[in-house]
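> pasting the sequence and the predicted model now:
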Amino acid sequence: MEQFFNKVAELIKFDTWGCYPEGYDRAKHGPYDPSRYYGKPDTPFSQVKIRDLPAWFARREKGLKPFASLISRAHWRWQLKYMHPKKGTAAPLWQLIFAGMTVGYVANYMRIRGHRHYKYH
Amino acid sequence: MKLILMNLFEMFDPSIYFIFNFQFNWIFIIMSLIIFMNNYWLIPSRFNMLLNKFFYILFKEFSMSMNKKFHSNLFIFLSLMFFIMFMNFFSLFPYIFSLTSHLLFNLSMSLSLWLSFFIYQLYNYPINFLKHLVPLNSPKFLMHFMVLIELISLFIRPWTLSIRLSSNLISGHLILVLLSNFMMNFIFILPFSMIIQNILLILEIFMSMIQAYVFSILLMLYFNESN
């Protein structure tokens, strides 16, 4: 049992949870910014040419921890942009609601599309 | 005249019929996790300030009916209220699944918390628990019966909590849908029915807050009784 838990902890890299990311150096980067990627800089996804895309994907880190930190960085970027400014607006609420509505419509489309045929019952 | 009436309870269906009965709609739980505030700057933002005020008022409200020894335990009830309130509020928008209208969701909150309080009381204050089964000054011939009644009233507590929340939500959504069907069918009184629909929607928004408040304050009272 203990071995199994050790394996799981190794898989999810439990010992690195809550620590700063690997590439972060306080002397070089200054105060820690949770929305920034501290690894080796690469071409941004929006500027990758289509023929370089497979190579670009091959260079990316894969696994549970990199994916979780990707989501975390994106969430922090969104929060710092919309919710943390001193004079923010209600925009993040509406963004969340409209995103939820879109997800709900797309996910439930197979059910909703029958509605136009409903008549007299 | 064409009469369109949809299946009213269809919007409470968690499965999406895309791949068999895959219940994808439970994913809306993460919506309140996304809106969850992290503290970052020293000077709080408007959102932070709003939440601080909100929690401050509610803390004062909740702490009146709680022993001072357990004030640090209030945060779980406050966060529970915040969570349920946002789930209720989001579900008023079209195509967003209403999670809190399901017993599966409500019972997982009420039953787990209530059961933990109950077990805590049984383990730490068993005499206190037993003597509450017979109310003060109950006649002797009624005592056996009273124990039964008190036990039943004790055990239906988590059920009443969750059923209260879900029935309120279901009834609110049903009224909104029925009125919208009415609006579609009788288009010549549209301005009048729009006013009614708006009033109902405001009522539903307030109900989404009030029901969350009721849920958490009743759980807090049960916690209070258990010690």
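In hand now; what should we look at? Residues are numbered from 1 along each chain as shown, chains lettered A, B, ... in the order given.
> every contact and neighbour count from this point should use C-alpha atoms.
Noted.
> give me the residues contacting stretch B:187-199.
Contacting residues not belonging to stretch B:187-199 are listed as B:176, B:179, B:180, B:183 [CA atoms under 8 Å, 6 or more residues apart in numbering or on different chains].
> include distance to chain A when you put the residues you listed into JSON lines, please.
Listed next are the contacts of stretch B:187-199 as JSON lines, based on distance: CA to the nearest CA, whole Å:
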{"residue": "B:176", "distance to chain A": "17"}
{"residue": "B:179", "distance to chain A": "16"}
{"residue": "B:180", "distance to chain A": "14"}
{"residue": "B:183", "distance to chain A": "16"}
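> just those: which are in helices?
With DSSP state H as the criterion, helices contain B:176, B:179, B:180, B:183 from among the contacts of stretch B:187-199.
> let me know the closest of the residues you listed to residue B:50.
For those, the closest approach to residue B:50 (CA to CA) belongs to residue B:176, at 29.1 Å.
> can you count the residues close to the closest one?
19 (other CA atoms under 10 Å in any protein chain shown).
> what does the one 10 residues further on give?
By the other CA under 10 Å criterion, the neighbourhood of residue B:186 contains 14 residues.
> mind pulling up the pLDDT for it?
pLDDT, residue B:186: 83.
> likewise residue A:75?
pLDDT at residue A:75 comes out at 92.
> likewise for residue B:6?
pLDDT, read off for residue B:6, is 57.
> could you do residue B:175 as well?
On the pLDDT scale, residue B:175 gets 92.
> gap between it and chain A?
Distance from residue B:175 to chain A, counting by CA to the nearest CA, to the nearest Å: 18 Å.
> what number of residues lie near that residue?
Neighbour count of residue B:175, defined by other CA under 10 Å: 16.
> where's it relative to residue B:92, distance?
12 Å (CA to CA, to the nearest Å).
> also residue B:54?
Applying CA to CA, the value for residue B:54 to residue B:92 is 21 Å.
> ok, those two, which is more surrounded?
More neighbours surround residue B:92 than the other of residue B:54 and residue B:92, with 19 against 13 (other CA under 10 Å).
> helix/strand/coil for that one?
Three-state assignment for residue B:92 (DSSP: H, G, I helix; E, B strand; the rest coil): coil.
> from chain A, how far out is it?
10 Å.
> is any residue of the lengthiest helix in chain A near chain B?
The helix spanning the most residues in chain A, taking DSSP H as the definition, is helix A:91-107. Yes - using CA under 8 Å from any CA of the partner chain, helix A:91-107 reaches chain B at A:93, A:96, A:97, A:100, A:101, A:102, A:104, A:105, A:107.
> isn't the fourth one up against residue B:96?
What it means is residue A:100. Yes - under the criterion of CA atoms under 8 Å, residue A:100 makes contact with residue B:96 at 6.1 Å.
> find the residues that touch each one of those two.
In contact with both residue A:100 and residue B:96: residue B:28, using CA under 8 Å, 6+ apart.
> just the element for residue B:51, please.
helix B:46-63 (DSSP states H and E).
> residue B:32 touches residue B:87, doesn't it?
Yes - at 6.9 Å, residue B:32 counts as touching residue B:87 under the criterion of CA under 8 Å.
> hey, where'd the helices end up in chain B?
Under DSSP H, chain B gives helices at B:31-35, B:46-63, B:74-90, B:103-124, B:126-131, B:143-155, B:157-185, B:190-225.
> in chain A, which residue sits closest to chain B?
Per CA to the nearest CA, residue A:86 is where chain A lies closest to chain B, at 4.2 Å.
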